[in-house]
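> Give me the fold of what follows.
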Amino acid sequence: MSRIGNKIIIMPAGVTATFENNKLTVNGPKGSLSQEVDKCITCKIEGNEMTFAVVKETSDSNAKHGLYRALAHNMVVGVSEGFKRTLLISGVGYKAAVNGNKLNLNLGFSHPIEVEIPADLQVACPSVTEISVSGIDKQRVGQFASNIKDLRPVEPYHGYGVRYSDEVVIRKVGKTAGKGKK
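Okay, here's the model as predicted:
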């Protein structure tokens, strides 16, 4: 049995869930999310508690038990609180700005980069070197933040590039040999 799959999900006030035809739907104050659940897993909703159980043992039912419980927990947290990812930009002349439904980035290339913001995400720039991505779907928030980060990965010598606010960049030492030494 999966240890994560056995945990009970407590839904906060204002969050409701339904499970019909192997489809889990969670509604809350911030919106609604749904997820298809494999036939070997079932979901039981009683009051404000949600539990998952294995219906049919297969070779991967233990892994799916924990997977669908974790996805459901992320859905409950998303529709009640939401998810947020913050990115920091460092570099000479590197900056970001939101213009309508586009994110404009200057990342040291010969041209500015425009990224289309998905309709279900909110992107804000509190300062020119900070980008905040928020939404109710954890996977969509993380993937969009990762796509922005991949535009200019952090280089280890000067630390220029885009990184997460909680990411630690291990810096490398530059050349030591050179001028004045014989």
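> thought H73 was touching I10?
No - counting by CB atoms under 8 Å, H73 sits too far from I10 to count as a contact (9.7 Å). To be clear about C-beta, it is placed using only N, CA and C from the backbone, and glycine gets the same treatment.
> out of the two, which sits in the busier spot?
The neighbour comparison of H73 against I10 (other CB atoms under 10 Å) goes to H73, with 18 against 12.
> quick one: contacts for the nearest residue to the more buried one once chain neighbours are set aside?
Here the nearest residue to H73 in space, its sequence neighbours aside, is I9; by CB to CB, 6 or more residues apart in numbering that works out to 5.2 Å. Residues near I9 by CB atoms under 8 Å, 6 or more residues apart in numbering: 49-51, 69, 72-73, 76.
> how does the chain divide up, domain by domain?
Domain segmentation of the chain under automatic domain parsing yields 9-80, 83-164.
> a markdown table please, covering those domains and showing mean pLDDT and distance to V173.
Below are those laid out as a markdown table (pLDDT from 0 to 100; distance: least, CB to CB, whole Å):
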| stretch | mean pLDDT | distance to V173 |
| --- | --- | --- |
| domain 9-80 | 94 | 40 |
| domain 83-164 | 96 | 8 |
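> elements contacting the helix ranked longest in the chain?
If you go by DSSP state H, the chain has its longest helix at helix 61-80. Judged by 3 or more CB pairs under 8 Å, 6 or more residues apart in numbering; DSSP states H and E, helix 61-80 is in contact with strand 9-10, strand 23-28, strand 31-36, strand 41-46, strand 49-54, helix 138-151.
> could you redo these as TSV and give each row distance to S61?
Shown next, in TSV, are those (distance: least, CB to CB, whole Å):
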stretch	distance to S61
strand 9-10	19
strand 23-28	17
strand 31-36	16
strand 41-46	7
strand 49-54	5
helix 138-151	22
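> which residues sit against the longest strand along the chain?
The longest strand of the chain (DSSP state E) is strand 83-90. With CB under 8 Å, 6+ apart as the test, strand 83-90 has contacts from 77, 95-96, 105, 107, 128-138, 141-142, 145, 148-149, 154, 159-165.
> Take the contacts of I9 and write them to a markdown table, including distance to D120.
Formatted as a markdown table, the contacts of I9 follow (distance: CB to CB, whole Å):
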| residue | distance to D120 |
| --- | --- |
| E49 | 28 |
| M50 | 23 |
| T51 | 28 |
| R69 | 23 |
| A72 | 19 |
| H73 | 19 |
| V76 | 17 |
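> Can you flag the buried ones in those residues?
Buried subset of those (neighbour count, 16 or more other CB atoms under 10 Å): 50-51, 69, 72-73, 76.
> ok, back up a step: would you check how far apart the residue nearest to H73 and E57 are?
23 Å (CB to CB, to the nearest Å).
> mind listing what the residue nearest to G5 when sequence neighbours are not counted touches?
Using CB to CB, 6+ apart and skipping residues adjacent in sequence, the residue nearest G5 is H65, 3.3 Å away. Counting by CB under 8 Å, 6+ apart, H65 makes contact with 1-2, 4-6, 41, 52-54.
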